[in-house]
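Engineer: 3D model of this:
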Amino acid sequence: MREVAFLRKNADKWKEFEHLLHEDSPDDPDKLAELYMELNADLAYAQANYPSSKTEKYLNQLSVEVHNEIYRTKKEETSRLITFWSQELPQLFARKQKELLYSFIVFMVAISIGVLSSVQDPTFVRYMMGDNYVNMTLSNMEQGDPLAVYKKAEELDMFFAITINNVRVSFFAFVMGLLTPLGTGMILLNNGIMVGAFISFFGKYELLGEALRVIFIHGSLELSAIVIAGAAGFVIGNGILFPGTYSRLHSFIRAGKEGLKMIIGLVPVFIAAGLLESFVTRYTQMPLWLSLFIIFASFGFILYYFVLLPRKLTPTSYS
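Structural biologist: Presented below is the predicted three-dimensional model:
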């Protein structure tokens, strides 16, 4: 590539780097490190193809400035933990609204498949949910307490088991992105179809309203976490398939960091869902207004923190 063409291709990017570098509030260390990697790649190309040129000297100087800024900000402020949750994570989700939407659509389609499959084939529920669960629930129905399963385990043991399982499922959905978005899509389909089979099962016995009122006390957070973890999986899968102007390895590393941050952002959701399922869901006879309050408050939090707040902090979101 001729030097003029190289300049034209990258000039806007370098100007943006200068702007970011000289802002009053410097970028976070992760972004600075990413910037340093890109500049080093451009500098190496310039050194190999345009040695001793003005372009090579300019990139060398800019790279030195970024290097110095990284070491100047290496010792992060104690407020980083606060800004991670209040700014960094919402701003990340502002750039990943497309992946969130795709994950939500796949999950809803999977639920529909589960419902339709269960209606068409009565044995499908047992295939998806297992004979033990179906037989136990039928026995509980005969005893007048169809959701007694939530009352049988000791609360603290149940909390740890449920939270660990939620983390496992969500992290698996994220890691399956290594197999491209199809891997994550399969996890979303499997979980969504299972939810659809559950809905059809309780609907068959005219207990759907009661089941959803009880299950969604924790399920509002639990199912939302699956969708968000699916979005994280799509991020890493897209990073592998569509590197854009980055090398495929660089794109993969960048997407992996972003997806992992999204999963870390789910930790409070995992804990809250586990607490609700272990300590609250078991009270199946609680007043309807209280159940609805918990459900709508949970969905409201998910909608605000992962959709509305990101758009508020970053009005012009990007992918």
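Engineer: for the lengthiest helix in the chain, which positions count as buried?
Structural biologist: Longest among the helix segments of the chain by residue count, using DSSP state H, is helix 208-241. For helix 208-241, burial by neighbour count (16 or more other CB atoms under 10 Å) applies to 211-240. Any C-beta I mention is one placed from the backbone N, CA and C, and that applies to glycine too.
Engineer: I'd like to know which elements it is packed against.
Structural biologist: Here helix 208-241 touches helix 97-120, helix 155-175, helix 181-204, helix 248-264, helix 267-279, helix 288-303, going by 3 or more CB pairs under 8 Å, 6 or more residues apart in numbering; DSSP states H and E.
Engineer: shaky segments in the chain?
Structural biologist: Within the chain, the segments meeting pLDDT under 70 span 21-34, 36, 67-79, 315-319.
Engineer: can you give me the domain assignment for it?
Structural biologist: Listed by automatic domain parsing, the domain ranges of the chain are 3-76, 95-313.
Engineer: deepest-packed of those, please.
Structural biologist: domain 95-313 (a mean of 18; mean count of other CB atoms under 10 Å).
Engineer: element containing the closest residue to residue 161 other than its chain neighbours?
Structural biologist: Nearest residue to residue 161, sequence neighbours excluded (CB to CB, 6 or more residues apart in numbering): residue 153, at 7.7 Å. Assigned by DSSP states H and E, residue 153 belongs to no helix or strand.
Engineer: could you number the chain from 15 rather than 1 from now on?
Structural biologist: Understood, numbering begins at 15; the last thing we discussed is residue 167.
Engineer: for the residue in the chain sticking out farthest from the centre, which three-state class applies?
Structural biologist: Relative to the centre of the chain, the most outlying C-alpha is that of residue 66, 45.8 Å out, by CA atoms, centre = their mean. At residue 66 the chain is in coil, as set by DSSP: H, G, I helix; E, B strand; the rest coil.
Engineer: before we move on, what about residue 259?
Structural biologist: With three-state DSSP as the criterion, residue 259 reads coil.
Engineer: quick one: it from residue 169, how far?
Structural biologist: Noted for residue 259: a distance of 52 Å to residue 169, by CB to CB, to the nearest Å.
Engineer: helix/strand/coil for residue 220?
Structural biologist: coil.
Engineer: picking up where we left off before, from residue 97, how far off is the residue farthest from the centre of the chain?
Structural biologist: 42 Å.
Engineer: just residue 282 next, same as before
Structural biologist: 16 Å.
Engineer: likewise for residue 207?
Structural biologist: Look at residue 207 and residue 97: by CB to CB, they are 39 Å apart.
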